[in-house]
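*Asks:* Test case, fold it:
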Amino acid sequence: MKNFLSIKLQSFLIITSSLIVIYLLGFDFIKLNNQNWFNSGDLSTYQLGWKYFKEDSWRFPIGLNPNYGIYLNGSIIFSDSVPFFAIFFKIFKSILPMNFQYFSIWIFVCLYLQLFFSFKIIYNLTGNFLYSLIGSLFFIFAAAFIHRGAIHLSLFAHWIILSGFYIEIIESKFKNLFRTVNILLSLTIHFYFTIILFLFFVLSQTYRYLEKQIKFNKALIEIFKILFFAVLLMYFIGYFSINLNDGLGWGYGVYNFNLNSFFNPSGFTHFDNFSWSLFLPNLSYQNYEMEGFSYLGISGIIFLLLLITNLFYKKYYTIFSNKKLLIICIPFILLATSNNINIGETNILSIPFNNIAYLIFSGIRASGRLIWPVYYLIFFVGIIFIYKYFEDDKKAFLIILTLFLIQIVDLSSGLKNYKFGVHYQTKENNNLKDDIWNNIGDNFDQIRLLEPKNQSTIYQKIYKILYKENFLKTDIIYLARVNREIISNKKYELIKLYNKKNLEIFNNTIFLSDNLKAVQNLYFLYRDELYYYFADDLWLISNKPINVKQKKDYSYLLADFKKIELSKKNLLEFEDINNLPLGLGWTIKNETEGLIIDGFQSTLLFKINEKDCSKLSKIKIKTEKFFKNNKDSIKVKLFINENILENFNIINFEEEIDINFKCQTNKYLALNFFIDNPLSLYDLKLGLNQSKRSIILKSLSFSD
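*Replies:* Model prediction:
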């Protein structure tokens with residue numbers, strides 16, 4: 001009988017999962033050589049992270065993926081490419097096609113295991129096969145589950161939360177081993193699941209201690225055992241390829257759970273907004289609280305009411321006892337809600353955090369995700385409650401079937417937005433059309449950004465080229481976490497090399513930019529030693545021809561430089577960004593507040609009349625410290641072209657400096673600021689940002 005039930009169960013699981021994966025992907029996207037459905041920042045980086053990881057040699061730690069990020073010490077962890085699958089399939093890379101993707105397999109596995117563990121939990125507590133089958137369907141059609149699969153594929157693995165519940169309710173002498181394996185497995189999928197499962201384990205240990213089922217010392221030892229093995233595995237697969245503080249991020253109290261989220265059907269994909277409910281209206285939320293999306297559906301709301309009812313009727317214990325249920329749910333709800341407690345657009349309470357408290361909680365920046373265990377417990381409690389309350393299998397089955405049909409009707413408004421992969425099909429046309437991109441990777445090993453940055457707008461334009469072309473390395477990336485110090489230092493290092501007119505950095509490399517001012521600065525330095533192409537609103541720069549014919553006449557790159565007459569008073573206005581003669585090394589703070597010197601060197605470029613160079617001129621500069629509370633002086637050297645004009649210190653809050661100069665005969669004037677000791681928020685222990693921004697240029701004028 002057991003085997004017969006197993007065959008029936010497996011048939012149900014496989015057929016149901018297959019039908020739903022076809023519904024979610026369609027017959028085209030389900031193909032393992034189809035990359036066309038990775039059409040957004042998050043989705044595209046999953047496939048690109050895998051592509052560069054697959055083509056690279058094996059390294060240690062085994063998750064290292066340095067070619068996708070070059071200098072950023074990247075790992076397959078931080079592209080959210082489901083590390084478990086990436087490492088497994090890399091073993092077979094010699095027989096896999098170049099455009100192989102495993103994410104359609106992953107989606108099937110997640111659907112199957114979501115059904116499997118929900119069935120096993122319900123069956124374990126009811127012993128009724130048909131009732132458990134219907135009950136498990138609530139979980140595979142759960143709005144929070146389907147919703148996440150359209151946005152973050154690695155976070156589609158809600159089944160691992162359910163497996164944690166299942167381990168807690170089974171009787172086995174290997175329970176501690178199962179808990180450990182489950183938490184370690186979560187590390188190879190997504191760290192948010194590790195946070196959830198580890199917290200769940202700690203809360204379960206707390207309950208056992210309060211119920212005198214385990215001594216405090218033993219509970220603590222079990223917790224530290226799991227931590228020990230978790231840290232070992234994290235090292236082995238590459239979590240520590242970046243600094244620990246780079247794993248922290250802004251967002252706690254912003255990406256949180258709104259108190260109306262259980263009742264709010266306001267859904268979205270990367271491309272559309274819609275309602276998940278046929279009956280209930282969309283509700284408002286604040287900030288980025290869509291991370292806490294957890295619409296229960298009509299039947300789910302009934303289950304929530306049953307959970308609340310269950311707390312007052314101890315006779316109807318469900319998946320966990322009432323006391324254990326409260327010990328688990330309350331901390332998860334508090335952490336998910338965060339220090340900003342909101343209902344709709346109304347803030348009920350905002351608890352201010354100091355830097356230390358914010359540092360502690362910044363590891364769970366998208367705290368709204370921590371509501372998922374509570375979300376699923378609501379369904380389990382309601383489903384089990386109905387079965388135990390009615391004590392009549394047929395009546396309980398008819399009720400749960402009716403509730404499931406009501407749930408599907410309600411959720412149909414949302415489910416139709418996921419039909420045949422429509423949620424992966426962008427409505428924006430970001431395809432690059434110029435012939436220059438055809439086979440561009442054949443003659444170059446690397447494609448890079450002129451100004452390094454994670455998650456740049458250029459990435460959004462060219463990720464399909466990165467799929468298609470066989471570049472060995474790129475720093476045009478979209479990663480969840482990067483080494484903040486390295487990416488800032490690399491930007492400053494490149495600016496230094498540009499100004500030294502270093503040509504080696506262009507060997508076998510294409511640099512891209514959408515910043516005309518930066519390209520003009522580059523041309524001012526290198527002139528026609530480099531090749532410059534403009535295609536699809538992007539500049540391509542290399543030290544050899546790409547794959548198109550173009551005359552070597554780049555004079556237009558300097559044609560629209562801001563022209564000044566040194567014989568007249570010229571005041572540099574900040575109101576019009578496009579009119580600013582910015583070269584490399586600037587960040588715009590605010591058009592009315594000034595320019596930030598970003599790093600060690602920044603350049604302003606002007607076009608002048610050569611006859612003015614015979615006259616003595618004056619520059620008047622008004623500066624301000626970026627960090628107003630920093631009492632140290634800022635050491636500045638000012639050059640015109642390559643001639644030093646002034647070496648001075650900025651000490652005061654605001655300082656105006658007059659400098660006399662006589663320019664060399666030249667059509668162009670490059671005003672270069674060199675900062676000896678720039679600082680960052682990180683240097684000052686005020687934050688994690690490592691961009692060095694010490695001076696704001698408030699105004700600048702020329703006169704004779």
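*Asks:* C-alpha only now, for contacts and for neighbours.
*Replies:* OK.
*Asks:* quick check: longest helix of the chain.
*Replies:* helix 2-29 (DSSP state H).
*Asks:* residues in contact with the lowest-mean-pLDDT helix or strand in the chain?
*Replies:* Least confident helix or strand of the chain, by mean pLDDT, DSSP states H and E, is strand 570-572 with a mean of 72. Outside strand 570-572, the residues that touch it by CA atoms under 8 Å, 6 or more residues apart in numbering are 564, 580, 699-703.
*Asks:* so of those, which ones are in strands?
*Replies:* 564, 699-703 (DSSP state E).
*Asks:* export those to CSV and tack on neighbour count and pLDDT?
*Replies:* Putting those into CSV (neighbours: other CA atoms under 10 Å; pLDDT from 0 to 100) gives the following:
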residue, neighbour count, pLDDT
564, 21, 77
699, 19, 81
700, 17, 83
701, 18, 82
702, 21, 80
703, 17, 76
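*Asks:* got JSON lines for the residues you listed, with distance to residue 192 too?
*Replies:* Below are the ones in strands among the contacts of strand 570-572 laid out as JSON lines (distance: CA to CA, whole Å):
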{"residue": "564", "distance to residue 192": "55"}
{"residue": "699", "distance to residue 192": "47"}
{"residue": "700", "distance to residue 192": "49"}
{"residue": "701", "distance to residue 192": "53"}
{"residue": "702", "distance to residue 192": "55"}
{"residue": "703", "distance to residue 192": "59"}
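*Asks:* and which of the contacts of strand 570-572 is nearest to residue 432?
*Replies:* residue 580 (29.0 Å; CA to CA).
*Asks:* Tell me how far that closest one lies from residue 160.
*Replies:* 53 Å (CA to CA, to the nearest Å).
*Asks:* repeat for residue 213
*Replies:* 25 Å.
*Asks:* one step back: quick one: which of residue 580 and residue 160 has more around it?
*Replies:* Regarding residue 580 and residue 160, a neighbour count based on other CA atoms under 10 Å identifies residue 160 as having more, with 23 against 18.
*Asks:* Just to be sure, the more buried one is in a strand?
*Replies:* No: under DSSP: H, G, I helix; E, B strand; the rest coil, residue 160 sits outside any strand and is assigned helix.
*Asks:* I'd say it and residue 179 touch.
*Replies:* No: contact between residue 160 and residue 179 fails when scored by CA atoms under 8 Å: they sit 10.9 Å apart.
*Asks:* residue closest to the middle of the protein?
*Replies:* residue 480 (3.7 Å; CA atoms, centre = their mean).
*Asks:* picking that back up, could I get the average pLDDT for the longest helix of the chain?
*Replies:* Across helix 2-29, pLDDT averages out at 90.
*Asks:* Pull out the buried residues from that helix.
*Replies:* Across helix 2-29, burial judged by 16 or more other CA atoms under 10 Å covers 9, 12-14, 16-18, 20-26, 29.
*Asks:* Stretch 304-323 too?
*Replies:* Buried residues in stretch 304-323 (16+ other CA under 10 Å): 304, 306-307, 310-311, 316-320, 322.
*Asks:* Return the closest of the residues you listed with respect to residue 436.
*Replies:* For those, the nearest to residue 436 is residue 304 (57.9 Å; CA to CA).
*Asks:* you'd agree the closest one is in a helix?
*Replies:* Yes: with three-state DSSP as the criterion, residue 304 is part of a helix.
*Asks:* and it, how far is that from residue 620?
*Replies:* Relative to residue 620, and taking CA to CA, residue 304 is found at 68 Å.
*Asks:* Also residue 88?
*Replies:* 63 Å.
*Asks:* Looking at the two, which one has more neighbours?
*Replies:* residue 620 (16 against 10).
*Asks:* What's opposite the more buried one in the beta bridge?
*Replies:* residue 658, residue 701 (DSSP bridges).
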